[in-house]
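Asker: I'll drop the sequence and a predicted model, then ask my questions.
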Amino acid sequence: METVNEPHAKMIKFVELCKWCLNKKSNDGRKIKLMLDIKPNYDPKRMIGKILIALQEVEEDLEIWKELIIFGIWSPSYYFEFMDGFEIINISFDLDNSIKFIDSVKSQGGKVTAISIVHFVVNNAYTKKKLDQLLIENTDLKVWFWTVNDYTTYLRCKNSLPINKLNGFITDNPFKFKEFINKSLALKLIPKESCLQKLYSFTTGWFYLGLLNLHHKGYRITRAVQFLQSLGIM
């Protein structure tokens with residue numbers, strides 16, 4: 001997609017993005033998928049209804065869209081029956097919410113393909129154990145990590161799970177991320193973490209657990225998460 005440098009350029013509309021994606025598949029044969037990050041801020045029926053209308057405005061056959069669209073959903077109330085056959089990813093900060101999400105979708109006859117979880121989850125022994133248990137209980141479930149912007153975090157996440165469980169990474173810099181992949185493929189041995197890196201992992205792991213405890217007690221942690229995201233930490 002070309003970058004527009006005009007001072008008053010408008011943001012691309014969803015319908016236009018869908019047309020671009022379908023065109024890439026039809027004309028270039030490129031395997032491109034769009035993951036829709038559907039946050040629970042709007043009425044579920046209205047939000048998902050608009051997405052469905054936009055998709056069918058470009059191409060009525062939903063079977064084609066199943067190859068192109070991933071539904072990234074935070075809340076099970078945004079899951080609907082027509083999504084059966086699409087990739088469904090639960091985006092979450094909290095593994096307990098992911099467990100509830102998976103159970104809810106299963107009860108409606110659907111299937112969750114993967115969870116997209118903040119990378120801090122592997123920095124704490126307690127949450128890492130809970131993640132491992134979730135993957136044991138759901139053998140087809142895979143994992144995405146967000147937001148991974150540095151090489152050390154990439155390696156820590158990559159080496160924390162079996163390769164068949166790791167589905168991908170969310171990053172703010174795809175071009176830089178390609179360098180991480182190429183660099184790791186060239187490695188013969190996994191480098192040991194430095195003392196400073198271990199300290200960072202330990203500290204952020206316990207900080208993550210602290211945020212989870214506040215969340216479970218009913219405190220709103222949205223602003224804290226947004227602040228950390230603005231700093232590029234998550």
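Answerer: Yep, it's here. Numbering: from 1, shown residues only.
Asker: hey, let's count contacts and neighbours off CA atoms from now on
Answerer: Fine.
Asker: quick one, phi psi at residue 91?
Answerer: Backbone dihedrals for residue 91, given as degrees, to the nearest 10, come out at phi -90, psi 130.
Asker: Actually, residue 145.
Answerer: Comment: the main-chain dihedrals of residue 145 come out as phi -110, psi 140, following degrees, to the nearest 10.
Asker: Show me the strands in the chain, by range?
Answerer: Remark: strands of the chain, listed N- to C-terminal, are 34-38, 69-73, 87-92, 114-118, 142-146, 166-169; assignment by DSSP state E.
Asker: Which one, of the ones you listed, ends up nearest to residue 132?
Answerer: Closest approach to residue 132 among these is made by strand 142-146 (10.7 Å; C-alpha to C-alpha).
Asker: Parallel or antiparallel, list what pairs with that closest one.
Answerer: Strand 142-146 has the following strand partners under DSSP bridges: strand 114-118 (parallel), strand 166-169 (parallel).
Asker: and those strands, which is most packed in?
Answerer: With neighbours taken as mean count of other C-alpha atoms under 10 Å, the strands paired with strand 142-146 reach their highest mean count in strand 114-118, at a mean of 24.
Asker: Report the distance from that one to the chain centre.
Answerer: The chain centroid and the centroid of strand 114-118 are separated by 5 Å, computed with C-alpha atoms, centre = their mean, to the nearest Å.
Asker: got the angle for it vs strand 69-73?
Answerer: Between the axis of strand 114-118 and that of strand 69-73 there is an angle of 50 degrees, by axes from the mean of the first three to the mean of the last three C-alpha atoms, to 10 degrees.
Asker: before we move on, the earlier item: and the strands paired with strand 142-146, which one's lowest on average pLDDT?
Answerer: When the strands paired with strand 142-146 are compared on mean pLDDT, strand 166-169 scores lowest, with a mean of 92.
Asker: coming back round to it: possible to save the strands paired with strand 142-146 as a markdown table with distance to residue 79?
Answerer: Supplementary listing: the strands paired with strand 142-146 in a markdown table, determined by distance: least, C-alpha to C-alpha, whole Å:
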| stretch | distance to residue 79 |
| --- | --- |
| strand 114-118 | 14 |
| strand 166-169 | 21 |
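Asker: nearest to residue 187, of the ones you listed?
Answerer: Sorting the strands paired with strand 142-146 by C-alpha to C-alpha, the top spot, which is the nearest, belongs to strand 166-169 at 18.7 Å.
Asker: returning to that earlier point: now the strands of the chain as JSON lines including distance to residue 47?
Answerer: Compiled in JSON lines, the strands of the chain are given as follows (distance: least, C-alpha to C-alpha, whole Å):
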{"stretch": "strand 34-38", "distance to residue 47": "9"}
{"stretch": "strand 69-73", "distance to residue 47": "12"}
{"stretch": "strand 87-92", "distance to residue 47": "16"}
{"stretch": "strand 114-118", "distance to residue 47": "21"}
{"stretch": "strand 142-146", "distance to residue 47": "24"}
{"stretch": "strand 166-169", "distance to residue 47": "26"}
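Asker: Low-confidence stretches in this protein?
Answerer: When the per-residue scores of the chain are filtered using pLDDT under 70, the ranges that remain are 1-10, 229-234.
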